[in-house]
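In: Fold the following, please.
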Amino acid sequence: MSARTVVVLGGGIGGVVAARRLRRRLASDDRVVLIERDPLFRFAPSYLWVMHGDRRPDQITRDLRHLRAKGIEVIEAEVTGIDPAERQATTSAGTIRGDALIVALGARLDPASLPGFTDTAHNIYTVDGAQAAGDAVRSLSAGTVAVLVAGTPYKCPAAPYEAAFLVDDLLRRGGARDRVTVDVYTPEALPMPTAGPAIGDAVVELLGEHGIGFHPGRSATRIDAATNALVFADGGDAHADVLLGVPPHRSPDVVATSGLAGDSGYIPVDPHTLATAVPDVFAIGDVTAIPIARGKLLPKAGVFAEAEARVVADQIAHDWRGRTSRHAFDGKGSCFLEIGDGHSAYAGGDFYAPDGPNVAMRGPGRRWHLAKVVFEQYWMRRWL
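Out: Sure, this is the predicted structure:
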């Protein structure tokens, strides 16, 4: 059998795990090609620790080009076209065709689609924005801090609430908490709604214990940069001296025009194999749309991207050896919820449960914070 090639589009969590696992499982003369426009990988789950001052950006950044030493062909290029039938990608560095194709291009941040966001909000979904948000909060002696969810779906559903808790902690440490109000505005009815009402109610209770205002069902239509006012679809508004924003998310343009995307712009896949409608083409992570019970979609989160990447890599490796993979994605996942002062809560469960996600939350404790630190260090050393 001649050597074959698997092409991975995107060097985020899912793409990196898929490439690394494939390299270990394929024959040495098979090629694993990873295409990513940004050679620097940043561990997004730690962005809010950068905001809080617990990490420097360089501590959560790695150079993807180092994966070349592990036998992965890393190509720095923008993906400009996808031809699923040919398992082929057109990029700014040329065209490459594979025997298998994995689309792991994530969700595109689109802050410009909400008027005023770019001029006013600190985008906490970038490492620079998170760092700037922390500086702005620390400089505030009185006033208001708002955390805005600009639209759904968005990745890491716990992030805006973690941001609010860590802002609360920063203000307490700086002695300004009693002079600064902290509020969360979201179009959602409850925090982390896919995880079920019990989890949402638990997070709302925690927000209340920390004196953080929760404002559900508020869809922002624009932000007035002159007055720092959030303007909502219901006609109301709110002022923010410091605004932390979760920007609108979109499917990457190259995915929307690939023929792989569904009505949402994201890619429908088999919920257990991550196979698309095109043979030997898979999609993993935030770029997918996976229906679950009660008409919802699987949340966009790194924990799912990693698990999906493992499954797809094993399937390809088994298939190329003429075997049948017994691995399937089971929809189970978990996340930590940082609440400050070295404490975290932890939620996890089965998102594929037939009657709806069966998720439980463990109350805040120092051990969950330490577990998150261990997970971060494990992940960075294991995969990069």
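In: for Gly333, what are its contacts?
Out: Going by C-beta atoms under 8 Å, 6 or more residues apart in numbering, Gly333 touches Pro299, Ala301, Val303, Phe304, Ala307, Gly348, Gly349, Phe351. (C-beta placed from N, C-alpha, C; glycine too.)
In: quick one: which of these is nearest Leu109?
Out: Sorting these by distance to Leu109 puts Ala301 at the head of the list, at 15.7 Å, by C-beta to C-beta.
In: Just confirm the closest one contacts Lys155, I think it does.
Out: Yes: contact criterion C-beta atoms under 8 Å: Ala301 and Lys155 qualify, at 6.5 Å.
In: taking the contacts of Gly333 as a set, which two sit the farthest apart in space?
Out: Spanning the widest gap among these are Ala307 and Gly349, at 13.6 Å by C-beta to C-beta.
In: Touching both of the two, which residues are there?
Out: With C-beta under 8 Å, 6+ apart, Ala307 and Gly349 have common neighbours Lys332, Gly333.
In: The two: which is more packed in?
Out: Remark: of Ala307 and Gly349, Ala307 carries more neighbours, 22 against 18, as counted by other C-beta atoms under 10 Å.
In: quick revisit: can you list the contacts of Gly333 in CSV and add secondary structure and pLDDT?
Out: Below are these laid out as CSV (DSSP: H, G, I helix; E, B strand; the rest coil; pLDDT from 0 to 100):
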residue, secondary structure, pLDDT
Pro299, coil, 96
Ala301, coil, 97
Val303, helix, 97
Phe304, helix, 98
Ala307, helix, 98
Gly348, strand, 96
Gly349, strand, 96
Phe351, coil, 97
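In: For PyMOL, what selects the buried ones among those?
Out: The PyMOL command for the buried members of these (criterion: 16 or more other C-beta atoms under 10 Å) is given here:
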select buried, resi 299+301+303+304+307+348+349+351
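In: could you point out where this protein is predicted with low confidence?
Out: Residues of the chain that meet the criterion pLDDT under 70 lie in 1.
In: Closest to the centroid, which residue in it?
Out: Central residue of the chain (C-alpha atoms, centre = their mean): Lys155, 3.9 Å from the mean position.
In: rewinding a little: right, and out of the contacts of Gly333, which lies closest to Asn123?
Out: Set against Asn123, the nearest of these by C-beta to C-beta is Ala301 (18.6 Å).
In: count of residues packed around the residue lying closest to the closest one once chain neighbours are set aside?
Out: Residue nearest to Ala301 in three dimensions, not counting chain neighbours: Cys156, with 5.7 Å by C-beta to C-beta, 6 or more residues apart in numbering. Other residues near Cys156 come to 21 when the count uses other C-beta under 10 Å.
In: Could you list the buried residues of stretch 134-144?
Out: For stretch 134-144, a neighbour-count test (16+ other C-beta under 10 Å) marks Gly134, Ala136, Val137, Arg138, Leu140, Thr144 as buried.
In: what's the third one sitting at in phi/psi?
Out: Backbone geometry at Val137, expressed as degrees, to the nearest 10, gives phi -70, psi -40.
In: what's near enough to touch it?
Out: Neighbouring residues of Val137 by C-beta under 8 Å, 6+ apart: Met51, Val145, Val167, Leu170, Leu171, Val242.
In: Now name the helix or strand holding the fifth one.
Out: Assigned by DSSP states H and E, Leu171 belongs to helix 159-174.
In: what residues does that helix touch?
Out: The contact list for helix 159-174 (C-beta under 8 Å, 6+ apart) reads 47-48, 51-53, 124-125, 133-134, 137-138, 140, 145, 147-149, 177, 180, 182-184, 186, 191-192, 203, 206-207, 210-212, 244, 246, 337-341.
In: Could you list which of those residues belong to strands?
Out: The strands, defined by DSSP state E, take in 145, 147-149, 180, 182-184, 212, 244, 246, 337-340 from those.
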